[in-house]
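**Student:** give me the fold of what follows.
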Amino acid sequence: MEYTLKVNGIDCANCASKIENKINKIKGVADASVNFMTGKVFIETKDVSEEELEKILTEAKSIIKKIEPDSVIEE
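**Tutor:** Numbers count the residues shown, from 1 in each chain. Purely as a prediction, here's the structure:
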């Protein structure tokens, strides 16, 4: 399953890279990528339940907020 988050406020490519690396380490994530120019975070999951998907998205949002505290995340 693929999921996209729109993130307004990623200030630099280095921060985008940090976000991408940390989200890729979340259990259940097959691949994650951050497009700094469009402000989109693409998350591809392995076969996960709806509950596991919610946990992944919650953790991903937490990572984004820790690295970019002033960002606004839209689903």
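**Student:** any buried residues in the helix or strand where residue 54 lies, and which?
**Tutor:** Assignment of secondary structure by DSSP states H and E places residue 54 within helix 50-67. By neighbour count, and taking 16 or more other C-beta atoms under 10 Å as the criterion, the buried residues in helix 50-67 are 56, 57, 59, 60, 61, 63, 64, 67. C-beta here means a position set from N, CA and C on the backbone, and glycine is covered the same way.
**Student:** CSV please, covering those and showing pLDDT and distance to residue 5.
**Tutor:** Formatted as CSV, the buried residues of helix 50-67 follow (pLDDT from 0 to 100; distance: C-beta to C-beta, whole Å):
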residue, pLDDT, distance to residue 5
56, 97, 11
57, 96, 8
59, 98, 12
60, 97, 7
61, 97, 7
63, 97, 11
64, 96, 8
67, 95, 13
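**Student:** helix or strand for the closest residue in space to residue 63 that isn't next to it in sequence, which one?
**Tutor:** Counting by C-beta to C-beta, 6 or more residues apart in numbering, residue 63 lies nearest to residue 22, which is 4.7 Å off, once chain neighbours are set aside. If you go by DSSP H and E, residue 22 is part of helix 13-24.
**Student:** residue 42 is in what secondary structure piece?
**Tutor:** Residue 42 belongs to strand 40-45 when elements are defined using DSSP H and E.
**Student:** what pairs with that strand, parallel or antiparallel?
**Tutor:** strand 2-8 (antiparallel), strand 29-35 (antiparallel) (DSSP bridges).
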